[in-house]
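# kindly return the folded structure for what I paste below:
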Amino acid sequence: MDIVDESPDGEILDGPATPGAIRIILADSQAIYRVGIRKIFALEDDIRVVAQADSIENLRASVERYPADIVLLEGGLLNGVPNPIPDLLRVAPEIKVIVQALATDEAQTVDLYRRGVRGIITRSISPDLLVRCVRRIAAGETWIDNQSVNWVIEAYRAQAASLITPRSQPRLSPKEMAIIVCITQGKRNKEIAFQLGTTEQVIKNYLRKIYDKLGVSDRLELALYCLHNKIIPGDSEEEAVARKVAAR
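Below you'll find the predicted structure:
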């Protein structure tokens, strides 16, 4: 990897990403860790590091300046910073955030997913698993382990009664309903597009509208919401559906 620019605040940029490559911004307080992660991604033709940051402030500046698909964020940088994830997503709504944490408990895990994080991984994750995580999240999936699935389900159940009342349920079009059914079956955007005879971009556009209508943030929350509120037919178990959606 050739370094083409190094800014005064320590943000290092690689060369332009090739068309179709997954563009990543690394945000980590430890320079040696950023170097190691870059070496991992340098071996992959479809992944490119476009910027680095050592603080939330520098990360926000990087997100504003450099188009990116993924932010790989050290969990420790979130400490003491109010609403950093929603703030980043307001600046770049399409960006997907992965948090690397030393350890997570139930409350922190649920809070991160609710705020829009697409994946939580440990600092000790293997290189192969890290690359797999990045690719799946870039494809629109949620990276979540079995324990976290259970935590999210329980938290959702605890709040579900207050999320929406039957008389205020929004109306969904037949195509939106068909997409929701596909989501609960664990299908990816590409598979849904093929089944409905359209393109992945059209499915993404529909999903954004569905998320806005129902007040959910991702596929997993969408599936749980629709099952709990009986928006889709059937009597599938929440846990089984959640695991299927999370595994895709």
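# any idea how the chain splits into domains?
The chain breaks down into these domains under automatic domain parsing: 3-143, 165-247.
# what's the closest of these to residue 153?
Relative to residue 153, the nearest member of those by CB to CB is domain 165-247, separated by 5.7 Å. Bear in mind the C-beta positions are built from the backbone N, C-alpha and C, glycine included.
# partners of the nearest residue to residue 28 once chain neighbours are set aside in the sheet?
Of all residues not flanking residue 28 in the chain, residue 74 sits nearest, at 4.3 Å (CB to CB, 6 or more residues apart in numbering). Bridge pairing for residue 74 (DSSP bridges) gives the partners residue 100.
# per-residue confidence at residue 74?
Looking at residue 74, its pLDDT stands at 94.
# ok, now the one 3 residues further on?
In the prediction, the pLDDT value recorded for residue 77 is 92.
# quick check: residue 101 touching residue 120?
Yes - between residue 101 and residue 120 there is a contact at 6.1 Å, judged by CB atoms under 8 Å.
# who's more crowded, those two?
Remark: of residue 101 and residue 120, residue 120 carries more neighbours, 22 against 18, as counted by other CB atoms under 10 Å.
# surely that one is in contact with residue 144?
Yes - checked against CB under 8 Å, the pair residue 120 and residue 144 is within contact range at 7.3 Å.
# give me the common contacts of these two.
residue 113 (CB atoms under 8 Å, 6 or more residues apart in numbering).
# check contacts around residue 91.
Contacts for residue 91 (CB under 8 Å, 6+ apart) come out as 60, 63-64.
# nearest to residue 190, of those?
Nearest to residue 190, judged by CB to CB, of the contacts of residue 91 is residue 63 at 26.9 Å.
# what mean pLDDT does the helix or strand where that closest one lies have?
Residue 63 belongs to helix 56-65 when assigned by DSSP states H and E. Average pLDDT, helix 56-65: 93.
# got a list of contacts for that helix?
Here helix 56-65 makes contact (CB under 8 Å, 6+ apart) with 9-11, 25, 27, 51-53, 68, 71, 73, 77-78, 81, 84, 87-88, 91-92, 95.
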